[in-house]
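In: Just need the structure, nothing else, for what follows:
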Amino acid sequence: MHVAEMELKMNSRGRVLTALKRGIPDAVPYMYNTMDKELQEKIIGKEISLPTETGMNSLGYLSRPGDEAYVSPILTLVPEVADLLGLDAIGIKIFPPLFVDGGIRDGRAMIKKGLLNTREALEKCKMPDPDDDKLYKSIEKLLDVCAGDRAIYAKIRLGASSTLMSMDMMGFSYNLHDDPELVSEVLMMYCSWSQKICRNLCEMGFDFIWCFDDIAFKTAPMFSPDVLNNIFLPILMKTTSSINKPWVFHSDGNVIPFLDDLLKLDMDGLHPLEPGAMDLDSLKSKYGSKLCLIGNIDIDKTLTRGTIQDVDNEVRERICLLGKGGGYIISDSNSVPAYCKAENVIAMSNAVSKYRYIY
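Out: Alright, predicted model coming up:
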């Protein structure tokens, strides 16, 4: 390698942070938001003892109004898996509790019904202390595990998704008509907590924040632009005002009708670009200078039912389409569940190594 080439070569952290600022890194960065423990174990061929994503903890702690609620930080995937796949980032998940009637189906936690649909229920809620020293000591231990050249992100929720799940869509819809103030109060409870969490996390060793707040179905948003602007955005902006590091907004589905308004939150990236939900050419053309685009490798088709060649083709196509001019990070189209094929995830890693040097 020539001296000039060595000077241009970045480490993983620099690669990710350059892309998040819509710059041109030395290569397209590569990361996942989360990977199921079962799949991680298949990839490395042994059991994992570190706390990481499973079907039981994927939603965070499921509580009921009046009960004590907890936050249990976990790794989004373990460093050994990140090393094997050549990932440029790894994260720590710090999700707030949900107040729901929960259950278990096929070894996975599930929500049967949201429970924050009355003022009586909301008044009973006890959110965990966002300044709890024990919480941050546990996060520091995981940060030590993640230490290295990779970028490290905090995976959190701003408050929108927690509100929608803790009210459930039916309860949210009825209250939106009958008692919109209750919707605002539930959202405020979550956003106030997240604001304090974000402020504390930004003082720790994280390089960026990744916020998971689903507000859209595949075909359209879950509610109207008026509801977004009059209820959600003013409160969400209080949370994002406490983030002084680069950050990524995640929502499944078609967020295009909301995107111009969502830009008021001042995020740096958008994930996961759900396949089939939005036109990628248009997204890159209109928003590529404003947002780092992240994701779009299909977890339900390509990584689950596709051939090795299908994976190779999709990685090459996405890099060619979205990588032009920088501001793209190749990643999953949601998270990487246990039903994805280990060999396809490894094939994705090989394909990224083959096609990422496009600049």
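In: Tell me where the model's unsure across this structure.
Out: For the chain, applying pLDDT under 70 flags the ranges 1-8.
In: repeat that with 50
Out: 1-7 (pLDDT under 50).
In: What are the contacting residues of stretch 281-301?
Out: 19-22, 248, 256, 259, 263, 267-275, 280, 303, 306, 314-315, 318, 321-322, 324-325, 327-337, 340, 348 (C-beta atoms under 8 Å, 6 or more residues apart in numbering). Bear in mind the C-beta positions are built from the backbone N, C-alpha and C, glycine included.
In: So which bits of it are buried?
Out: 283-284, 287-288, 291-299 (16 or more other C-beta atoms under 10 Å).
In: which one of those is nearest residue 169?
Out: Using C-beta to C-beta, residue 299 comes nearest to residue 169 of those, at 23.0 Å.
In: what about burial for the contacts of stretch 281-301, which qualify?
Out: Buried, going by 16+ other C-beta under 10 Å: 19-20, 22, 248, 256, 259, 267-275, 280, 303, 306, 314-315, 318, 322, 327-337, 340, 348, out of those.
In: center of the chain, which residue is that?
Out: Centroid-nearest residue in the chain: residue 212, 4.6 Å away (criterion: C-alpha atoms, centre = their mean).
In: what is residue 212 paired to in the beta sheet?
Out: For residue 212, the beta-bridge partners are residue 250 (DSSP bridges).
In: now it: how far from residue 161?
Out: 6 Å (C-beta to C-beta, to the nearest Å).
In: about what we covered before: out of the contacts of stretch 281-301, which are inside strands?
Out: 248, 269, 270, 271, 328, 329 (DSSP state E).
In: Of all pairs in the residues you listed, which one spans the longest distance?
Out: Largest pairwise distance in these, by C-beta to C-beta, is 12.6 Å, between 248 and 328.
In: in the longest helix anywhere in the chain, what's buried?
Out: Secondary structure of the chain per DSSP state H: the longest helix is helix 180-201. Neighbour-count burial for helix 180-201, counted by 16+ other C-beta under 10 Å, picks out 182-201.
In: do stretch 49-57 as well
Out: Within stretch 49-57, the residues that count as buried by 16+ other C-beta under 10 Å are 51, 52, 53, 54, 55, 57.
In: For the fifth one, which non-adjacent residue is closest in space?
Out: Nearest non-adjacent residue to residue 55, counting by C-beta to C-beta, 6 or more residues apart in numbering: residue 108, 3.4 Å away.
In: didn't that neighbour look like it was pressed against residue 56?
Out: Yes: using C-beta atoms under 8 Å, residue 108 is in contact with residue 56, at 6.9 Å.
In: circling back: check the buried residues of stretch 49-57 against residue 69 and report the nearest one.
Out: Closest approach to residue 69 among the buried residues of stretch 49-57 (C-beta to C-beta): residue 57, at 13.9 Å.
In: where does that closest one land in three-state SS?
Out: At residue 57 the chain is in coil, as set by DSSP: H, G, I helix; E, B strand; the rest coil.
In: residue ranges for the strands of the chain, please.
Out: Using DSSP E, strands in the chain cover 62-63, 74-75, 89-93, 98-105, 108-114, 151-156, 208-212, 247-250, 269-271, 292-294, 328-329.
In: and those strands as CSV, adding distance to residue 127?
Out: What follows is the strands of the chain, written out as CSV (distance: least, C-beta to C-beta, whole Å):
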stretch, distance to residue 127
strand 62-63, 10
strand 74-75, 19
strand 89-93, 17
strand 98-105, 9
strand 108-114, 16
strand 151-156, 14
strand 208-212, 18
strand 247-250, 22
strand 269-271, 26
strand 292-294, 29
strand 328-329, 32
